[in-house]
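*Asks:* Show me how the following folds:
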Amino acid sequence: MHDEIRIIYYLCTVFYYIRMNKQQFYQCKAIRFRQFTRKGYALFACLGRVVTIGVLSVATLRAAAVTTPDTLSVVGGLSANIPDDDSPDKEATLDDIEVTGSRAPLALGQAARIVTVLTREDIQAAPVQSINDLLKMAVGVDVRQRGPLGSQTDIGIRGSTHEQISILLNGINICDPQTAHNAFDLPCDISDIVRIEVLEGPAARVYGTSSLVGAINIVTKSRHTGQSLRMEGGSFGYVSTAGRVAINSHGLSANYTRSDGYQRAKSGALNSDYHGGKVFYQGGYDGEQIQLNWHAGLSTKGFGSNTFYSAKFDEQYEKTTKLFTALKINVQYSIFNIQCATYWNRSYDKFELMRNDESKVPFNHHRTDVFGINLNSYFDWIAGRTAFGAEFRNEDIISGNLGEPLNEPHGNYKYGLNRSNLSFHLEHNILLKKFTLSAGFIAVKNTWNEMPFTIYPGIDASLRMDNHWKLYASYNTSLRMPSFTELYYSVGGHKADKHLKAEELRALECGIKYYSRWLTAQASIFHHHARNMIDWVMDTRESEPIWQSVNHTKVNTFGQEVSINYQSSMINCQLAYCHLHQQKQETEYLQSQYSLEYLRHKLTAQLRMHLTKSIDLTLYYRWQDRMGSYTTIEGKVTDYHPYSVVDARLAWTKDTYSIYIKGNNLTGHRYVDYGNVPQPGFWITGGMKVIL
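*Replies:* Sure thing, here's the model as predicted:
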């Protein structure tokens, strides 16, 4: 009995000193757990906000992270938010990851919607050359590249077009209202990314009017992250270099990439070459009750567009330049957490149908400005967590061919258009030990076509049955306004309709998830009912057919997703499959450019192995079967064919540097994923990353 009393006394003494923030017993480097008090079952919830344990190793911590009931819905990664500092001497900080699947931030274990997260570990091990390539391994994401290195990528989710999803950088909407072809012109390098969040399904309640079928949030490293340098080179004259420095509360990164391209025009000239640069700056201020974060970035690139927009011309060229600025303010006032953000993005786009030759067809010039300000506040009370706020966004374009005639033309800009969007949102979250319910709505008004205030509601629920099983279900609605290109692009064999209606979507989804120390499995089914879907279609019966922008009346999408992931200290393997079936009134002679060309089947598999203490091998496999067809240069209508791609990466990693070699499309198959634009065959690159 005395022994038990003595043990209890010692434990209470330890807890008391931790609670009172006394000096630690051990002087070795510590692991810190922060913000675990938001979880009712957290081991350290009774001890206060911060607990420091001086004897727990990082290796033990990484293994423990996989066993928590809050395991992330990741693609082959850990659930914990390992710090984004690459230095091995820094202390590791594990925060409850908050994901943006709702207006009120929730830890991923509490979130009612499933958010797929590509972690830093996934990004570092991936055999890719661009951020766009990373998303190919997300089974519900459709990545259609007209060219490699991120020259131009159309990304959809669950059968959507590239126009129907939101792209965000650190939570800031960077969608381009001119066209989503250039939406992934990001100002940051792939080595700047700490994670990518993918929210599948309607997300207007969370991200506003451009997220009809989902959203992708790119999260960059902290501004405090230290110095690093990366250099790569390989096939087709590929060279890429990137560097990063951090001083006090300021971080700066830069990148330059170029390639001769993988093919030439009939004349022998380069027509798939690429060159581009990026600069990204982050700063901030951390006070007791207020935090400021700001960023500014630049992305510029020029690339051979071979037959991107017309099969008749194989020397097309495009150059884009984008500027990004944003300021985010977080204030803690009484029980309220107030978040405010303002941003301004500017885009320049110049397209040459005949490269360096404007004598026959004038170049297309566009300049787009987007200004936005949003306010989101949430507070906790006895009934749960409530969020409310508003957003204003103004989109303006001056162009050589998009919009209405300007009163006073400016150089190459003779047309223009301006529209504004105003929205209000309200959401409430009921957070119980095993149950989460999130419900709310967004009310939207747009000045285009005098759209009145329209309400789009949604509700999500999840039930954690025990430490291994989770059920979830949701019903959400959303909308998307037409892009400027869809409304006004009436040149070069295209005819747009400026009276297009906004797209609208209603979606149901339910699923189940299993997680344990080594194994994670998930299955879901969903149904999307859309109306007024926008697409470019061609009537092949006409002697000189042209592409026309139209509203499809109704589109129904049925889908299933299933994935399984096994992870141990030496090996990680994952298998995932997505199947879609769309029902709509199809016409035999009507050829679609986008919405009828969805992925019917997509299968992904990956294997990561620690061959030795320092050598890692990653293998990626992807098989997909696309519906739809395209017209060849000879005028023949051809169906898309299924294809497989195998990628690999072998790396030798030490504490301060890593040397690696990557092979893409190891089988060398020249597949077509977008009409008349064959993708490159086997591509090999090598490189080194140094942590300074």
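*Asks:* backbone phi and psi for the residue nearest the centre of the chain, please?
*Replies:* Centroid-nearest residue in the chain, with CA atoms, centre = their mean: residue 216, separated by 2.9 Å. Backbone torsions of residue 216, given as degrees, to the nearest 10, read phi -130, psi 120.
*Asks:* so it bridges to which residues?
*Replies:* residue 167, residue 198 (DSSP bridges).
*Asks:* pLDDT weak spots in the stretch 501-650 of the chain?
*Replies:* For the stretch 501-650 of the chain, the stretches flagged by pLDDT under 70 are 585-587, 594-595.
*Asks:* Do a quick rundown of the strands in it.
*Replies:* Secondary structure of the stretch 501-650 of the chain by DSSP state E, counting those that start in this stretch: the strands cover 503-515, 519-539, 547-567, 571-583, 590-592, 599-610, 615-626, 629-631, 637-639, 643-653.
*Asks:* Any chance of these in CSV with mean neighbour count as columns?
*Replies:* Placement of C-beta: from N, CA and C, glycine included. Formatted as CSV, these follow (neighbours: other CB atoms under 10 Å):
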stretch, mean neighbour count
strand 503-515, 20
strand 519-539, 19
strand 547-567, 18
strand 571-583, 18
strand 590-592, 20
strand 599-610, 18
strand 615-626, 18
strand 629-631, 17
strand 637-639, 11
strand 643-653, 18
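*Asks:* Could you export the ones you listed to a markdown table, including columns for distance to residue 205?
*Replies:* Shown next, in a markdown table, are those (distance: least, CB to CB, whole Å):
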| stretch | distance to residue 205 |
| --- | --- |
| strand 503-515 | 12 |
| strand 519-539 | 16 |
| strand 547-567 | 19 |
| strand 571-583 | 23 |
| strand 590-592 | 29 |
| strand 599-610 | 26 |
| strand 615-626 | 30 |
| strand 629-631 | 36 |
| strand 637-639 | 38 |
| strand 643-653 | 35 |
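*Asks:* Compare those and give me the one nearest residue 158.
*Replies:* Residue 158 lies closest to strand 547-567 among those, at 5.9 Å (CB to CB).
*Asks:* Quick one: distance of the closest one to the chain centre.
*Replies:* Relative to its chain's centre, strand 547-567 lies at 17 Å (CA atoms, centre = their mean, to the nearest Å).
*Asks:* which other helices and strands contact it?
*Replies:* Secondary-structure packing of strand 547-567 (3 or more CB pairs under 8 Å, 6 or more residues apart in numbering; DSSP states H and E): strand 494-495, strand 519-539, strand 571-583.
*Asks:* ok, the longest one: who's next to it in the sheet?
*Replies:* Each strand pairing with strand 519-539, determined using DSSP bridges, is listed with its direction: strand 503-515 (antiparallel), strand 547-567 (antiparallel), strand 590-592 (antiparallel).
*Asks:* That strand vs strand 571-583, what angle?
*Replies:* Compare the direction of strand 519-539 with that of strand 571-583 by axes from the mean of the first three to the mean of the last three CA atoms, to 10 degrees and you get 40 degrees.
*Asks:* Centre of the chain to strand 519-539, how far?
*Replies:* Taking CA atoms, centre = their mean, one finds strand 519-539 lying 17 Å from the centre of the chain it belongs to.
*Asks:* again with the last one
*Replies:* For strand 571-583, the distance between its averaged C-alpha position and the chain's averaged C-alpha position is 18 Å (CA atoms, centre = their mean).
*Asks:* so what strands line up beside that strand?
*Replies:* Going by DSSP bridges, the partners of strand 571-583 are strand 547-567 (antiparallel), strand 599-610 (antiparallel).
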